[in-house]
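Chemist: Could you look at this predicted model? Sequence included:
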Amino acid sequence: METTTTKRNRSRFVKYHLGLSYILSPAEARFIMHMDEIDHLEQLGFKTDFTRRELMKRMGLGEHTFDSVVRSLLAMGLIVRGPECSRNRVSYSLDRMVYGRLVIISSATRNINRLMQFFDTHLRKDGRSIASITDQEIEELKIYC
């Protein structure tokens with residue numbers, strides 16, 4: 001995920017790949033962008049051991065949506081649960097290798113119907129992770145440009 005920080009007000013801009021909007025729900029995309037921001041804050045030395053409620057507030061997600069997104073992103077392999085997780089304290093991190101693979105897959109075709117069908121079949125119905133999608137399957141997806 002590419003980011004830019006402006007020197008004037010220290011605000012961050014996160015580059016979002018459009019193909020991901022056909023794969024991830026808006027709540028999932030929001031979660032991932034916030035995970036990128038939390039990683040950045042941690043690198044700057046800020047406190048990032050948030051409670052579940054603090055994370056939900058930062059992300060603007062309700063309890064049900066937050067839990068649903070976490071389950072979905074964990075199943076896809078996009079986030080990893082940290083060892084400090086308990087009922088109230090949570091720790092998640094974005095798996096940047098898997099995210100990079102997701103960008104490659106989402107960029108493999110311009111046929112959005114084929115892309116959505118590919119992810120519905122492989123991830124949602126078959127329950128596979130992003131990392132389990134083979135290079136051959138990505139090449140087959142490219143045929144449908």
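Modeler: Received it, and whenever you're ready, just let me know what you need. None of these values were measured; they are calculated from a predicted model. Numbering: from 1, shown residues only.

Chemist: Downstream of the helix or strand hosting residue 30, the next helix or strand is which one?
Modeler: Using DSSP states H and E, residue 30 falls within helix 26-43. Once the chain leaves helix 26-43, the next helix or strand it forms, by DSSP H and E, is helix 52-59.

Chemist: Would you indicate which residues of that next one are buried?
Modeler: Within helix 52-59, the residues that qualify as buried by neighbour count (16 or more other Cβ atoms under 10 Å) are 52, 55, 56, 59. Yep, even glycine has a C-beta here, placed from its N, CA and C like the rest.

Chemist: Give the burial count for residue 128, as a bare number.
Modeler: 17 (other Cβ atoms under 10 Å).

Chemist: Please apply the same query to residue 83.
Modeler: Residue 83: 5 neighbours (other Cβ under 10 Å).

Chemist: Could you check how far the closest residue to it other than its chain neighbours is from residue 112?
Modeler: Excluding the flanking residues, the one nearest residue 83 by Cβ to Cβ, 6 or more residues apart in numbering is residue 91, at 7.2 Å. Distance, residue 91 to residue 112, by Cβ to Cβ, to the nearest Å: 34 Å.

Chemist: for residue 71, same thing?
Modeler: For residue 71, the distance to residue 112 equals 25 Å [Cβ to Cβ].

Chemist: Show me the strands in the protein, by range?
Modeler: Along the chain, counting by DSSP state E, strands occupy 3-5, 12-14, 79-81, 92-94.

Chemist: what's the closest of these to residue 25?
Modeler: With Cβ to Cβ as the criterion, residue 25 lies closest to strand 79-81 of the strands of the chain, at 14.2 Å.

Chemist: quick one: strands adjacent to that closest one?
Modeler: Using DSSP bridges, strand 79-81 pairs in its sheet with strand 92-94 (antiparallel).

Chemist: Between residue 71 and residue 112, tell me which one has more neighbours.
Modeler: Between residue 71 and residue 112, residue 112 has the larger neighbour count (other Cβ under 10 Å), namely 14 against 10.

Chemist: residues contacting the more buried one?
Modeler: Counting by Cβ atoms under 8 Å, 6 or more residues apart in numbering, residue 112 touches residue 22.
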